[in-house]
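>>> I'll drop the sequence and a predicted model, then ask my questions.
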Amino acid sequence: MKVTALLKLLESCPDNLLEFLTIEKLVIYTRLASHLRREILHVQRANQAEEVAPTSDLLPPNVKQFLAQSMDWTQSMVESCWDIFRDIIWTSAMELELHPIRPDPQDLIYFEKYGHPLLLACHNLYPPNSKCTNVGCPKAMEGLLRRKDGPRKVTVYGISGAHVGFSVHLLCHHCSTNYHHNFSVSADFRTYYGGVPDLIQVGEHQFIEKRVVNLFIGMMLVAWTSATNAARIYYDCLSKDDYPGHANTMTSELGNNPKTELPSLRPEHVWDGFTILSLLEGDESRGLLSVPHGGSQKLRFDNAVSARNLFMSQSGQPEWAHYCSKCCRVWEGHNGEPSKKLRVIVTDGITIGHPCCGVAHCSQPLEHNKDRFCHGHRDEQNLCCVVNCRAPIESGYLTCPEPNHRALDTQRQMGNKAFFQLRDRLARQKVTHPDDAFNAEAQDDLVDELHLRDEEPDPACEGKDEDGKRRIRARFGRRRSHNEQILVRPCGIIVARATFFGSETTPQTVDFLQKTFQTPDSMPEIVIYDLGCKVFQHLKASGNDLYMSVGFPVDVFHWKCKHKKTSDACAVDCNPTNFDELLGDDQKTWFFNSSVAEQTNVWLRGYHSMLREMGVTRYNFFLHEMILRKNRLIKAALERDGACPDYISDLMYTYKP
């Protein structure tokens, strides 16, 4: 508020006003009135000029009553002050709408005590426009919009706590467009306004402040916090006012008025905030976000999320063409020789995944997340669940009549299960962050393979365990995709990610590499991979000449500990010590961080419990967004470290499925 201007106007006030009007009272009065500009505006005549404050006789009765009760004045005193200070109040209110600031804690208490019974709050949530903006409307931008119905009580989850607000919908009577705080509704579709609002509607009566949504996303990004735990943290740490001193002072002034108990923030609100903010922050060249207005909130954004996934797969991560001094090495030419550059990429896989079809390597999505097979392989559910057994099942069982197979199913039904898991799955479950910190528990369908201890050898077994014994294995639960393969620059920037469904095979890795870098001159000169020797041998055997222009050294640690030195591929072609360009200037230390992919996978592994029940669409959307945000943090750190991050010129990602 412009205190200097208020003081000048105060000097010109008549004596009867000066008797009860002080600068402190005047500041509170003008500040409270500034929150109510839209409440006042939309009861005026349709041709009322938006930038002109109406006279006091046109103030709504509830506004007059609220100001009078808050200031302990008569309504005539409220009207007199309005006529003198209305212009500065109106101007300040318009500036406040353009550049919202955190409400004063005193204002929140005044509105809670006197405003809420009159359907007034600090957070009176109107659409950003006061006139119809529909280009097809014959009266667009001609007159003020009118209220569609009465104010709706909502809860605003802000950084300073949860507060009551009132959401007001405005209607254009000429084109029937219904304007909400975040979006307009026409033909049963809601179209979001351009940009990102400060308050994001995540439910019919719930709004979350953008800073709070960003806080939740930041917690997910750096601390692997699930939506359930984020909602719990908000309730325990932020849902109460963080101004105890102010609150106590105001309580003594206004009387004992305990804070209204508001509905708790729920995990689905956190997820909706994440989804909406991510979609709105996406590439604006794709147009305004438009989603169905009717139907379930849970399904409302599915098509938009799918479109975002397609966009990311076709355009790649924004940092696809990234380079910096930590992932690209340049040697200046001398004596007329051309300069030389070396770009490096590191790839590795991590065993996290989403539910998928029970047929190995099938990438078709499930119709429902609890299904065991996709639509095309639905008949497989009539076959025995023992791995590699193709006999039909009997009614009431999931296995065929073969005694050993039936014993597995009987044991499953009795509940005396002996669970079998691959070691990396068990280890991952021990270190993962639980989705609910207070109710963490193992999920049965994650442990989807079982075995009997002393069974007879069976032809359906798919191999021996490490102890040399053959075991019958049955998959009664859902299969999950095998692993996520990533391509990472040595500086930590994640270039691409792909889901491998059956196993991490060499042909899939080569295909992933060539699809990511299919644009001319985009392929890096060095690809570091734990199984680089296998890739080299595969390329050479299949007649793919990529091995002639790209080096495939094995990561130094894995080469020393896990590779045979008798093979030419391991000892010579993929021996990292034979790549002089990878050594630093002292020829003793390594210039690039070849373990960056494994380090990145440690970060990805923390999302296991959050991802395990996601369908494929949300799974991909979440990982796309987390990688995008992690890349932003890494790029900012590179800029601070003087690594000069930039983009390779004249390169654009080209997607070819």
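It's in.

>>> so Ala33 touches Trp82, yeah?
Yes: the pair Ala33 / Trp82 is scored as a contact, 7.3 Å apart, by C-beta atoms under 8 Å. For the C-beta atoms, the positions are set from N, CA and C on the backbone; glycine is no exception.

>>> list residues touching both of these two?
Residues touching both Ala33 and Trp82 by C-beta atoms under 8 Å, 6 or more residues apart in numbering: Ile89.

>>> check the burial of the closest residue to Gln48 other than its chain neighbours by counting its neighbours.
Excluding its sequence neighbours, the residue lying closest to Gln48 (C-beta to C-beta, 6 or more residues apart in numbering) is Leu144, at 6.1 Å. Number of residues near Leu144 (other C-beta atoms under 10 Å) recorded here: 18.

>>> going forward can the numbers begin at 33, since that is how I track them
Understood, numbering begins at 33; the last thing we discussed is Leu176.

>>> now do the contacts for Leu176.
Leu73, His74, Gln76, Arg77, Ala78, Asn79, Gln80, Glu82, Ser162, Lys163.

>>> just the buried subset of the residues you listed, please.
With burial judged by 16 or more other C-beta atoms under 10 Å, the buried subset of these is Leu73, His74, Gln80, Ser162, Lys163.

>>> can you redo those as TSV with distance to Thr123, pLDDT and secondary structure?
Listed next are the buried ones among the contacts of Leu176 as TSV, based on distance: C-beta to C-beta, whole Å; pLDDT from 0 to 100; DSSP: H, G, I helix; E, B strand; the rest coil:
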residue	distance to Thr123	pLDDT	secondary structure
Leu73	14	94	helix
His74	18	92	coil
Gln80	16	90	coil
Ser162	16	94	coil
Lys163	19	94	strand
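
>>> strands of the stretch 283-432 of the chain, start to end?
Using DSSP state E, counting those that start in this stretch, the strands of the stretch 283-432 of the chain run over residues 322-324, 354-355, 360-363, 372-382, 387-388.

>>> right, so the ones you listed: which one is the most enclosed?
The highest mean neighbour count among the strands of the stretch 283-432 of the chain, using mean count of other C-beta atoms under 10 Å, belongs to strand 387-388: a mean of 26.

>>> how far off centre is that strand?
21 Å (C-alpha atoms, centre = their mean, to the nearest Å).

>>> from the contact counts, what lies against the helix or strand just after it?
Remark: after strand 387-388, the chain's next helix or strand is helix 435-446, criterion DSSP states H and E. The contact analysis (3 or more C-beta pairs under 8 Å, 6 or more residues apart in numbering; DSSP states H and E) places helix 435-446 against strand 481-482, strand 506-507.

>>> where exactly do the helices run in the stretch 533-682 of the chain?
For the stretch 533-682 of the chain, the helices defined by DSSP state H, counting those that start in this stretch cover 538-548, 564-574, 578-581, 588-594, 600, 628-637, 640-643, 648-672.

>>> tell me which of these lies nearest to Asp220.
Closest of the helices of the stretch 533-682 of the chain to Asp220 is helix 648-672, at 22.5 Å (criterion: C-beta to C-beta).

>>> what lies in contact with that closest one?
Contacts of helix 648-672 (C-beta under 8 Å, 6+ apart): 249, 252-253, 306-307, 310, 334, 337-338, 340-341, 344, 349-351, 354, 356, 358, 386, 388, 397-398, 516, 523-526, 529, 531, 635-636, 639, 642-643, 646, 676-677.
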